[in-house]
Structures are given as C-alpha cells and as structure tokens.
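Visitor: can you look at this prediction? I've put the sequence above it.
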Amino acid sequence: MKHLMGNVPARRQFFRSMLRNVGLALLAAGGGVAVTKRRRLVREGNCLNRGICSDCGVFDECGLPRALSVRQVLARTQNGK
C-alpha cells in the first residue's frame, strides 16, 4: 500500500503541468485567432478600431469613408465654419 501512496505527488504534478500546458495552448490559440482576424480586417479594408477614429493610430492615412468624413468635420470646426 505504501508503494501506491508514494505515486500520488507525481500524479498531481503531472496533472498540474498538463493543465498549465493546456492553458498556455489555449492562450496561444486565442492570440493567433486575434492576429488572424486583424490581418483579415486590414486586407478587406475594414476599420480596426470599430469606428473610433479620434484615437486611431492610422487616422491620418486612413481612406475609409468614416475617417474621411471625420476629417472633413474636424477641418470645418478648426476653420470656424
């Protein structure tokens, strides 16, 4: 019986490491999905910031219709019209 009880910590460590590795694999898969989605959106010409143009890093170079209209509105307000 003592022989069977000595195996418990090794089994616990095995399951703990398996859960850790599965968690890391899920995290990596989620990151891969996010990167793939972002690349697809860029390739299709869709907005990456869900239409929040003022905080976008590529607002000045963006050619999407929403960004163009926001730039026009900002130009009008800055010119006092």
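Guide: It's in.
Visitor: center of this protein, which residue is that?
Guide: Nearest to the mean C-alpha position of the chain, counting by CA atoms, centre = their mean, stands residue 34 at 4.4 Å.
Visitor: after whichever strand or helix holds it, next one along is what?
Guide: Using DSSP states H and E, residue 34 maps to helix 8-44. Elements were assigned by DSSP H and E; along the chain past helix 8-44, the next helix or strand is helix 65-79.
Visitor: can I get that next one as CSV, trimmed to CA atoms?
Guide: Taking Å, rounded to 0.1, in the frame of the first residue of the first chain, the C-alpha atoms of helix 65-79 are listed here in CSV:
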residue,chain,number,x,y,z
PRO,A,65,-15.4,56.7,-45.7
ARG,A,66,-15.9,57.3,-41.9
ALA,A,67,-12.4,58.6,-41.4
LEU,A,68,-12.8,60.9,-44.4
SER,A,69,-16.0,62.4,-43.1
VAL,A,70,-14.5,62.8,-39.6
ARG,A,71,-11.5,64.6,-41.1
GLN,A,72,-13.9,66.9,-43.1
VAL,A,73,-15.9,67.7,-39.9
LEU,A,74,-12.7,68.4,-38.0
ALA,A,75,-11.4,70.6,-40.8
ARG,A,76,-14.6,72.6,-40.7
THR,A,77,-14.6,73.0,-36.9
GLN,A,78,-10.9,74.1,-36.9
ASN,A,79,-11.6,76.6,-39.7
